[in-house]
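S.K.: Only the shape, not the letters, is given here:
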């Protein structure tokens, strides 16, 4: 299977885990030594290293999910991701890099459905056993204004 198909399949299952409530599965889309960061377009352009969310291992992502389930208190809400086609920038037998546009809609309890975030995923993948695993994902949000309710991952 080619890189585009592997990445498309991985991304489809990735957003399904977030959007459809199987958030415990979310870290399984990452390599053990993965890096995940959510930042703004302005901070990314300026090369600033800090992120709104920052994790440098799959274990940190699992801890985040545990906190979501057991410790954090937040207004119940859900996401619906809309993804563009991944643009595969480089590929080899071992992995690939890609860029994918996204739009995330947030649904709050009995409240409104709002556009929550838009931006792009800047990804590095490794291919293992016929799957694409995220080695590095930088989520670059178009807006510099982020709702304080960024609980679920993008």
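M.R.: Done, it's in. Nothing here was measured: the structure is a model prediction, and the numbers come from that model.
S.K.: And for the chain, the residue most distant from the center?
M.R.: Here the chain reaches farthest from its C-alpha mean at residue 110, the gap being 25.4 Å by C-alpha atoms, centre = their mean.
S.K.: so that residue, which of the three states?
M.R.: coil (DSSP: H, G, I helix; E, B strand; the rest coil).
S.K.: need the helix or strand of this protein with the lowest average pLDDT.
M.R.: The helix or strand of the chain with the lowest confidence, counting by mean pLDDT, DSSP states H and E, is helix 58-70 at a mean of 78.
S.K.: ok, residue 89 touching residue 97?
M.R.: Yes: Residue 89 lies in contact with residue 97 (C-beta atoms under 8 Å); the separation is 4.7 Å. C-beta: built from backbone N, CA, C; applies to glycine.
S.K.: if you count what's nearby, which of the two comes out ahead?
M.R.: residue 97 (19 against 13; other C-beta atoms under 10 Å).
S.K.: Report the beta-bridge partners for that one.
M.R.: As for beta bridges, residue 97 partners with residue 90, residue 124 under DSSP bridges.
S.K.: Just list the residues touching it, thanks.
M.R.: Counting by C-beta atoms under 8 Å, 6 or more residues apart in numbering, residue 97 makes contact with 88, 89, 90, 91, 122, 123, 124, 125.
S.K.: Show me the two of those residues that sit farthest apart.
M.R.: Distance extremes for the contacts of residue 97: the farthest pair is 91 and 122 at 15.1 Å, using C-beta to C-beta.
S.K.: Please, where are all the helices along this structure?
M.R.: With helices called from DSSP state H, the chain shows them at 3-19, 41-45, 58-70.
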